[in-house]
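> build me a structure from this.
(one chain, ligands or ions: 1)
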Amino acid sequence: MTEARPVDKDQQLAAARVDHTGTRLTTDQGIPVDNTDNSLHAGARGPSLLEDFHLREKVMRFDHERIPERVVHARGSGAHGHFQVYESLARYTTAEFLCDPELRTPVFVRFSTVQGSRGSADTVRDVRGFATKFYTRQGNFDLVGNNMPVFFIQDGIKFPDVIHAVKPEPHNEIPQGASAHDSFWDFVSLQPETLHHVMWLMSDRAIPRSFRTMQGFGVHTFRLVNAQGANTFVKFHWTPVLGTHSLVWDEAQKIAGTDPDFNRRDLWEAIEAGAFPEYELGLQLIPEDQEFEYDFDLLDPTKIVPEELVPVTPVGKLVLDRNPNNFFAETEQVAFCVGNVVPGIDFTDDPLLQARLFSYLDTQLTRLGGPNFAQLPVNRPLAAVHNHQQDGFAQHQIPVGEGNYHPNTLGGGCPAVPGTGFTHFPERVDGHKVRRRSETFADHYSQSTLFWNSMSGWEREHIIEAFRFELGKCNRMAVRERVVGHLEQVDHQLAVAVAAGIGVDEPAPVGENHGRRSRALSLTARTGNGVL
Ligand code: HEM
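Predicted structure coming up:
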């Protein structure tokens, strides 16, 4: 059996790099080309000839340069770097990259907006993706997070709905740049579970100044599992060393016009200048026996775990120190999957997470043209890969020998070795099949109120202005009214201020609102080590 032989990721990528400088032009078959400016004609003014293989190949290759853009998070910017843990976390996990402080694990990070197309502007009001691929010696671990710690929906079966509602309208593909349209607000008004995330979306968090000054969150509760098989619930946080900073709306709009690549350019130039973006990885760790200690469900991705209840422990640092060589080959072809976990990290039953486990690999089969995309240089693990998977479009390896099945007596192939691989946490599962939401997911307002109460005066003003601007673009008054009705459940002053700006009648106070208990807490999860 061949052991995993880790190599430097940059060395691995180097094997795939091609530099055409100083060489001569050939076809894809390596045939020298003596003229690439004129096609082969029958006579100087005659028709082009089918036998001109250079013309055919050159135009054919151009015709097929595009692949489907990501169905969400289409616009992105990537960078290479490394991660190192400060101290061993062996108490909690067997994940080697989290246990060995000497180990520098190569990473590739892709930042993105969610709803715009690949060519859309950077500074639109939107959620940002913060996806990290750790090329660990035990295989790839992908932490596919966002810059906001909660999500719009609780169950992945609603993802196509929320994305259809957020993306441009199907009949005219308007609007391209913001959440300011009827379908988005219609969805919000009908699905109050979106409220908490919508509060974040209307805050300045939705217009980051730079990817270098942006937090990241794993959003879901995951598990860490140690050598004894004990599990600890965990929430992942990235905190930028430069602090968390946002644009203001006026800036964001002007920049979208004058420099649509503002965030992308900033990341690229900072790395070229040696001002390497750095982020601390922080963990909120919750012992297994405290799963039911909170007035929200740890499996509910529309909830944070307030830092007053569970502090964030800084455990390591991510440094981005190298720009990609080629946007398409690296940033576009990278394939993150929330299901890529290494021994010592495992999932929970969060129903949003569970649907994501299916979605990423599924979409990448289309986006990256078949099942062999893990062989693409940017996706290739550093850990050795051996199995009996074979064939398919774009197979780049030449498996040798017989015995491409298990078990076999032909001497080939590779057996699974008991006791040495990934073991799924043996969570006890009990219950009848049901198609309904857990009662423990029912409160949609308390943490929205918590968020609002944690805002300073000017932050509240920005949120009110954002609601007025965005919701004010919704043409249907009934939708505006329904959204204001939900805001009334969050905070009366917020609802009154928004209503006054968009021609909706002032809502009657609902009295003690749903966030009463949570109001005692301030929301430090939002602050990191910087300010909004
Ligand atoms: C990208 C599905 C929820 C973060 C994507 C892609 C799909 C997808 C299909 C495109 C992937 C590709 O083409 O390579 C889903 C589904 C979700 C969900 C079905 C809910 C059920 C979330 C959540 C987060 C998130 C909650 C954040 C915690 C991301 C990021 C990317 C992405 C960062 C971009 C990855 C990259 O840079 O290539 N998602 N998503 N998604 N998703 Fe999700």
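> strands of this structure, start to end?
Per DSSP state E, the chain carries strands over the ranges 76-85, 105-113, 128-136, 139-146, 216-217, 222-225, 231-240, 278-287, 313-322, 345-346.
> contacts for the fourth one next, please.
This points to strand 139-146. Strand 139-146 has contacts (CB atoms under 8 Å, 6 or more residues apart in numbering) with 95, 97, 114, 127-134, 216-219, 236, 238, 336-338, 340-342, 345, 356, 360, 379, 381, 383. In this view, the C-beta of every residue, glycine as well, is placed from N, C-alpha and C.
> near the ligand, from the residues you listed?
129, 131, 219, 336, 356, 360 (CB under 6 Å from any ligand atom).
> same list, those, but as TSV with neighbour count and pLDDT please.
Output for those, formatted as TSV (neighbours: other CB atoms under 10 Å; pLDDT from 0 to 100):
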residue	neighbour count	pLDDT
G129	22	98
A131	22	99
V219	24	98
F336	23	98
R356	21	98
Y360	17	98
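> among those residues, which one sits closest to the ligand?
G129 (2.7 Å; CB to the nearest ligand atom).
> quick one, what contacts the closest one?
Contacts of G129 (CB under 8 Å, 6+ apart): 73, 76, 110-114, 144-147.
> from those, which single one is nearest P260?
Set against P260, the nearest of the contacts of G129 by CB to CB is T113 (11.0 Å).
> so that closest one bridges to which residues?
R128 (DSSP bridges).
> that one: neighbouring residues, count only.
Neighbours of T113 under the rule other CB atoms under 10 Å: 25.
> surely it touches R70?
No. With contact defined as CB atoms under 8 Å, T113 does not count as touching R70 (10.7 Å).
> what's the overlap in contacts for the two?
G76.
> tell me which stretches of this structure form helices.
Taking DSSP state H as the criterion, the chain contains helices spanning 9-14, 53-63, 159-166, 182-190, 195-201, 249-258, 262-272, 351-367, 446-453, 457-471, 477-490, 492-501.
> take those and write them to CSV, including distance to P509.
Supplementary listing: those in CSV, determined by distance: least, CB to CB, whole Å:
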stretch, distance to P509
helix 9-14, 58
helix 53-63, 62
helix 159-166, 29
helix 182-190, 20
helix 195-201, 18
helix 249-258, 29
helix 262-272, 41
helix 351-367, 33
helix 446-453, 14
helix 457-471, 17
helix 477-490, 7
helix 492-501, 5
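> would you mind listing what in this structure touches the ligand?
Of all the residues in the chain, those lying near the ligand are 70-73, 76, 110, 112, 129, 131, 144-146, 151, 156, 159, 219, 334-336, 352, 355-356, 359-360, 363-364, 367, going by CB under 6 Å from any ligand atom.
> now the residues you listed: which count as buried?
When the residues of the chain next to the ligand are checked for burial by 16 or more other CB atoms under 10 Å, the buried set is 70, 72-73, 76, 110, 112, 129, 131, 144-146, 151, 156, 159, 219, 334-336, 352, 355-356, 359-360, 363-364, 367.
> state the distance from A478 to the ligand.
28 Å (CB to the nearest ligand atom, to the nearest Å).
> count the neighbours of that residue for me.
Counted with other CB under 10 Å, A478 comes out at 10.
> my guess is T213 meets G243, correct?
Yes. T213 is in contact with G243 according to CB under 8 Å; the separation is 6.1 Å.
> neighbour count winner among the two?
Higher neighbour count among T213 and G243: T213, with 18 against 15, using other CB under 10 Å.
> now do the same for the residue nearest to the more buried one when sequence neighbours are not counted: its pLDDT.
Excluding the flanking residues, the one nearest T213 by CB to CB, 6 or more residues apart in numbering is H245, at 4.0 Å. Looking at H245, its pLDDT is 98.
> list phi and psi for H245.
Here is the backbone geometry of H245 (degrees, to the nearest 10): phi -130, psi 150.
> roughly how far apart are it and V479?
33 Å (CB to CB, to the nearest Å).
> with H432 instead?
In terms of CB to CB, H432 sits 37 Å off from V479.
> same question, H41
Distance from H41 to V479, by CB to CB: 61 Å.
> neighbour-wise, which of the two wins?
More crowded of H41 and V479, by other CB under 10 Å: V479, with 20 against 12.
> pLDDT weak spots in this protein?
Along the chain, segments meeting pLDDT under 70 span 1-7, 177-180, 511-532.
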